[in-house]
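> Take this sequence and fold it.
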Amino acid sequence: MTEPQSASTIHGYHAHIYYRNDAERAEAAVLRSQIMAAFEVVPGRWRDQPVGPHPLPMYQMAFAAENFPAIVPWLMLNRRGLTILVHPETGDDVADHDIHPLWLGERLSLNIDFLRGFAGRPGRA
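Residues are numbered from 1 along each chain as shown. Reported below is the predicted structural model:
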């Protein structure tokens, strides 16, 4: 049996906001503005093509672990019909995306093999 992990291993979170078409991208733009106005986040670039393990276009919002209790419930109520992946930052990208994710809306199939290709490299858990 595996020992429980401590939440203290989480040093932040990423929220990935996905969109499929121009209409959803417009909703994602509104949501991005609302998030940035309401919370302390670090916005990532718009990715209008799938990138890395992500199967759809998206952008990322990074935030500190202590902001989870405010941001995630807000996203639950205000996601504008979009799919959002929230995952911890523990230093283990494979586990963070594959074992520990929280999905708001549809659960998408991530390309975890892409992340496995980086596991064990310097700077990676």
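> list the buried ones in the helix or strand of the chain with the lowest mean pLDDT?
In the chain, no helix or strand scores lower on mean pLDDT, DSSP states H and E than helix 112-116, which sits at a mean of 91. Neighbour counts over helix 112-116 (16 or more other CB atoms under 10 Å) mark 112, 115 as buried. Every C-beta, even on glycine, is put in place using the N, C-alpha and C of the backbone.
> For residue 70, give its distance to residue 13.
12 Å (CB to CB, to the nearest Å).
> correction: residue 57
From residue 57 to residue 13 the distance is 20 Å (CB to CB).
> Return the residues in contact with the residue positioned nearest the centre of the chain.
For the chain, the residue nearest the mean C-alpha position is residue 15 (3.0 Å; CA atoms, centre = their mean). Going by CB atoms under 8 Å, 6 or more residues apart in numbering, residue 15 touches 35, 60, 61, 63, 71, 72, 75, 84, 85, 86.
> Can you read off the pLDDT for it?
As predicted, residue 15 sits at a pLDDT of 98.
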